[in-house]
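[1] okay, predicted coordinates and the sequence, questions at the end:
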Amino acid sequence: MNAQNPRLAQQEFEALRGIISARTGIHLNASKLTLVEARLARRLRARGLSSFENYVSLLKDPSEAAEELPEMVNCITTNKTSFYRESHHFDFLANRVVPELVASGRRKIRIWSAGCSTGQEPYSIAITLRDALGSLHDWDIRILASDIDTGVLNRAQLAVYDPEELADVPSRVRPWAFEQTANGKVRVAAELRKLVTLRQINLIERPWPIRTRFDVIFCRNVVIYFARPTQEALYQGFSEQLLSHGYLVAGHSENLHSVSNLFEHAGPTVYRPRTRLSRAPRRRSLRPKVTSIVPVARERRGELALVSMVPPPERADVPIQAGGLHASTKPTRIRTLLGSCVSACLYDPVARIGGANHFMLPEGAEDASLPARFGVHAMEMLINRLMQLGAQRSRLVAKAFGASTILQNENTRIRVAQRNAEFIRDFLSTENIPLVAEKLGIAEPLFLVFETDTGRALVRTLRRDLTARVVQDERSYLTRIEHQPPATPSQDVTFF
């Protein structure tokens, strides 16, 4: 084997295919061996490796993989893009979406460019909106631009391009859409750059770290690189992430109707959620009959806002109390009331397995009557339960709720709420489990519903009568805890 030009053998190619699929969801068929060999050759040189066999071994080494896997992804992903690519999509945005939003009276627009590459797509969206609206005054516009490739995101953040790249940008917008730079290049105008937020997001890692819904999602010529089950899951996710009036913009190579029945055609490679019109023939209200409404957590600049949502009727209800936990592979709603206690909700977005606990303090002497009343035990037990059900620890994401300050004045010595909030944040950080949403440390107790099959957490503050009940229960729990002996060394927990 030539050390300067190492060849990729079939065995190593199969191993790399598996790693790439697990990491990105990208499906590489047998014909891609030469492409993988060419693209990863520079990573072998960068790491001083003489063979792909050594490179595969490096990727399987946990101490090396954390640093190398993102570099491998950056090499493998395809990043072809340009300004106003498939211009009919931007015509649709200007001539249909914007007039609909203006007519609705809303002054708020949310758009997601999924697979944004070096930024030409989201900046084309920003230019189109500014041109169609005439002015950004009094408009709340945010464009999320995401990609798995950190290299292209860095270029998109700069927003600097060669003048030749503006060939398809309408000439009338260029004077105000771009600024000249000292080195002869052009940069997207600051007014437009402010509209775009760039984030690294791996589309196969759900739930996505996004807590808003969109008027339009652009995901063009991205889904074609995934296997059929992953495509179906992505379109399911997009349908859930769109507002009821929203649109999904796909690429010219993608045909949603062959993969998903969740969308209907709205224009050339443009789709909208089918549920919007599916009930129309009944000539009744399009809303389902509401028997109970539970507020669901949504994002508002990193905070959890409360909006109404009807829980799916097919899910089983499982209540848990302080010291309890539950996990399931079946669609289940876990319900609990939280005062100064905390509930950690863990979810594997690939296996769609989730669970939640309810603990009272970070640590203490455990007994069989309440096996998960202390966080140090509750977290170990919940993670073990999820892994037994088929979840993978490396894929888990977390949401945390509770730590209400309702007992703050009565329990200043043990600082229940503060200790619980500090514990769960520190635990998840130490164990490298992303905390994607939280509502910790507010004054009011919470009612929590966690859906084990979707990872959604639905929360609301409690009525006054239920607040009194929670306060009474927690006083009783804490009185019992204060009279317990300290934990012995034999009760220590070894984490993963």
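    Structure's in. What do you need? Numbering: from 1, shown residues only.

[2] how close does G115 sit to D91?
    Going from G115 to D91 by CB to CB, to the nearest Å gives 21 Å. Glycine gets a C-beta too; all of them are placed from N, C-alpha and C.

[3] who's more crowded, the two?
    Each of G115 and D91 has its neighbours counted (other CB atoms under 10 Å); G115 has more, 26 against 15.

[4] what does the more buried one show for phi and psi?
    Dihedral angles of G115 (phi, psi; degrees, to the nearest 10) stand at phi 90, psi 50.

[5] that one contacts D149, correct?
    No. Here G115 does not reach D149: they are 9.2 Å apart, not a contact under CB atoms under 8 Å.

[6] how about the residue positioned nearest the centre of the chain, nearest residue that isn't a chain neighbour?
    Among the residues of the chain, the one closest to the centroid is W208, at 1.3 Å (CA atoms, centre = their mean). In space, W208 comes closest to I201 once its chain neighbours are excluded; the distance is 6.0 Å by CB to CB, 6 or more residues apart in numbering.

[7] next one: N357
    Spatial nearest neighbour of N357, excluding adjacent residues (CB to CB, 6+ apart): L325 at 3.7 Å.

[8] what is the neighbour count of the one you found?
    L325: 23 surrounding residues under other CB under 10 Å.

[9] for it, what are its contacts?
    Residues counted as contacts of L325 (CB atoms under 8 Å, 6 or more residues apart in numbering) are 355-358, 372, 378, 381-382, 385.

[10] which stretches of the stretch 101-250 of the chain form helices?
    Applying DSSP state H, counting those that start in this stretch to the stretch 101-250 of the chain gives helices spanning 120-133, 150-158, 174-177, 190-193, 228-241.

[11] how close does S124 sit to V223?
    The spacing between S124 and V223, counted by CB to CB, is 20 Å.

[12] of those two, which one has the most company?
    Neighbour comparison, S124 and V223: the larger count goes to S124, with 27 against 24 (by other CB under 10 Å).

[13] thinking Y271 is in contact with F263, fair?
    Yes. Contact criterion CB under 8 Å: Y271 and F263 qualify, at 3.7 Å.

[14] give me the low-pLDDT residue ranges for the stretch 201-350 of the chain?
    Scanning the stretch 201-350 of the chain for pLDDT under 70 picks out 275-313.

[15] need the helices for the stretch 301-450 of the chain, in chain order.
    Using DSSP H, counting those that start in this stretch, the helices of the stretch 301-450 of the chain run over 375-388, 416-430.

[16] closest to A443 out of the ones you listed?
    Closest of the helices of the stretch 301-450 of the chain to A443 is helix 416-430, at 9.8 Å (criterion: CB to CB).

[17] show me what the closest one is packed against.
    Contacts defined by 3 or more CB pairs under 8 Å, 6 or more residues apart in numbering; DSSP states H and E place helix 416-430 against strand 342-348, helix 375-388, strand 397-402, strand 435-440.

[18] hmm, 6 Å instead?
    The contact analysis (3 or more CB pairs under 6 Å, 6 or more residues apart in numbering; DSSP states H and E) places helix 416-430 against strand 342-348.

[19] distance from the strand it packs on to the middle of the chain?
    From the chain centre to the centre of strand 342-348 is a distance of 15 Å (CA atoms, centre = their mean, to the nearest Å).

[20] relative to strand 397-402, how tilted is it?
    Angle of strand 342-348 versus strand 397-402, following axes from the mean of the first three to the mean of the last three CA atoms, to 10 degrees, is 160 degrees.

[21] surely S404 touches G339?
    Yes. Applying CB atoms under 6 Å as the test, S404 and G339 come out as touching, 4.9 Å apart.

[22] picking that back up, for A114, see how far away the residue nearest to W208 is.
    The spacing between I201 and A114, counted by CB to CB, is 7 Å.

[23] again, but for L158
    Applying CB to CB, the value for L158 to A114 is 20 Å.

[24] who has more neighbours out of those two?
    A114 (26 against 13).

[25] just give me the neighbour total for the nearest residue to the more buried one once chain neighbours are set aside.
    With sequence-adjacent residues excluded and distances taken as CB to CB, 6+ apart, A114 is closest to C219, at 4.2 Å. For C219, the neighbour count with other CB under 10 Å is 21.

[26] quick one: C219 and W112 touch, right?
    No. C219 is not in contact with W112 according to CB under 6 Å; the separation is 7.9 Å.

[27] mind listing the strands for the stretch 51-200 of the chain?
    Taking DSSP state E, counting those that start in this stretch as the criterion, the stretch 51-200 of the chain carries its strands at 108-114, 140-147, 160-161, 178-180, 186-188, 196-200.

[28] can you tell me what sits against the third one?
    Counting by CB atoms under 6 Å, 6 or more residues apart in numbering, strand 160-161 makes contact with 185-187, all of which sit outside it.

[29] what do you get if the cut-off is 8 Å, keeping everything else the same?
    Contact with strand 160-161 is made by 83, 120, 181, 185-188, as judged by CB under 8 Å, 6+ apart.

[30] kindly report the same for stretch 46-63.
    Applying CB under 8 Å, 6+ apart, the external contacts of stretch 46-63 come out as 1, 3, 6-9, 12-13, 15-16, 19, 37, 40, 43-44, 64-65, 68-69, 71-72.
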